[in-house]
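*Asks:* Pasted the sequence and its predicted model underneath.
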Amino acid sequence: MLNWLKQKLTGGRPTAAAVPLQQIRQSFEQAAADEEHFPSTIDPRIFHVQLIQRHFGDINNKFTLDAGSGKGRFARVLLDQNPQAKIVTLDLALAMLHHVQAPLKPVCGTLTQYPFPDHTFDFVYATESLEHAVDINAAITELTRVLKPGGKLVIIDKNAEHWGRFKTPAWEQWFHRDQLTSLLKQHCQTVESDFISYWEDVPPDGLFIAWRATK
Ligand SMILES: C[S@@+](CC[C@H](N)C(=O)[O-])C[C@H]1O[C@@H](n2cnc3c(N)ncnc32)[C@H](O)[C@@H]1O
């Protein structure tokens, strides 16, 4: 009954339960051992990677933040393509960051309060991590605060219309396309979004949305 009422009040969007950050951290500290569901590598041909590369272009000698990086699989591919890139991988779980090697720079922290000054990064991306941030307004404010004016941002996450497709922890949220677009527009000059699939030649089934923004 309570869940039904919550869904009605939020227009059908899932609402995150008030789970302490420490509990979320513990869950991901343990999850790091699960290489099948939290892999440390990614095929560079996967469209999620391609989309980030295309939106950012050349990131050599520029500062990039992988926000909620997990084991740094996206960062490793970007570094392979841009050997002079300066990439910081931030994650809540130390066990995830143990997979991140120099010259990538692992930082333990939370998506809702970064230890970085305003306008630190030329590029920022968050792949399937915003869904765990609980306070989404605070996370979007942080993602854009640390981005330089003119800097570029990519968020790839799951579509709230597909909520229920997988078992999810109590704190997880998925997003409507317009929901993140309007939040991002409060901080960015341009915001575009697309439904994407893992492979460019496979039509998207609607599960993943990519938001591309320029501050
Ligand atoms: C589904 S994994 C995605 C990891 C990575 N972006 C990828 O695509 O491989 C979600 C990651 O977000 C991290 N995470 C969850 N809540 C976070 C928070 N509040 N601040 C920073 N990282 C967080 C988890 O530790 C986990 O590594």
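*Replies:* Perfect, thanks for sending it.
*Asks:* Residues of the chain that sit close to the ligand?
*Replies:* 24, 28, 68-70, 73-74, 91-93, 96, 110-111, 127-129, 132-133 (C-beta under 6 Å from any ligand atom). Using the backbone N, CA and C atoms, a C-beta is placed for each residue, glycine as well.
*Asks:* Give the buried subset of these as a ChimeraX selection command.
*Replies:* Only the buried entries of those go into this ChimeraX selection, using 16 or more other C-beta atoms under 10 Å:
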select :24,28,68,69,70,73,74,91,92,93,96,110,111,127,129,132,133
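*Asks:* Just the ones of the residues of the chain next to the ligand in helices?
*Replies:* Mapping the residues of the chain next to the ligand onto helices (DSSP state H) picks out I24, F28, R73, F74, M96.
*Asks:* between these, which is closest to the ligand?
*Replies:* For these, the minimum distance to the ligand (C-beta to the nearest ligand atom) is 3.3 Å, reached by F28.
*Asks:* wouldn't the closest one be in contact with L97 here?
*Replies:* No: with contact defined as C-beta atoms under 8 Å, F28 does not count as touching L97 (10.4 Å).
*Asks:* between these two, what contacts are shared?
*Replies:* D91 (C-beta atoms under 8 Å, 6 or more residues apart in numbering).
*Asks:* neighbouring strands for the helix or strand harbouring L65, and are they parallel or not?
*Replies:* In this assignment (DSSP states H and E), L65 forms part of strand 63-67. The strands beside strand 63-67 in its sheet (DSSP bridges) come out as strand 86-91 (parallel), strand 121-127 (parallel).
*Asks:* who wins for proximity to R45 among those strands?
*Replies:* strand 121-127 (15.6 Å; C-beta to C-beta).
*Asks:* for the next helix or strand after that closest one, packing partners?
*Replies:* Per DSSP H and E, the first helix or strand lying C-terminal to strand 121-127 is helix 136-145. Using 3 or more C-beta pairs under 8 Å, 6 or more residues apart in numbering; DSSP states H and E, the elements in contact with helix 136-145 are strand 121-127, strand 147-158, helix 177-185.
*Asks:* Looking at this protein, which residue is nearest the ligand?
*Replies:* Nearest to the ligand in the chain, going by C-beta to the nearest ligand atom, is G70, at a distance of 2.7 Å.
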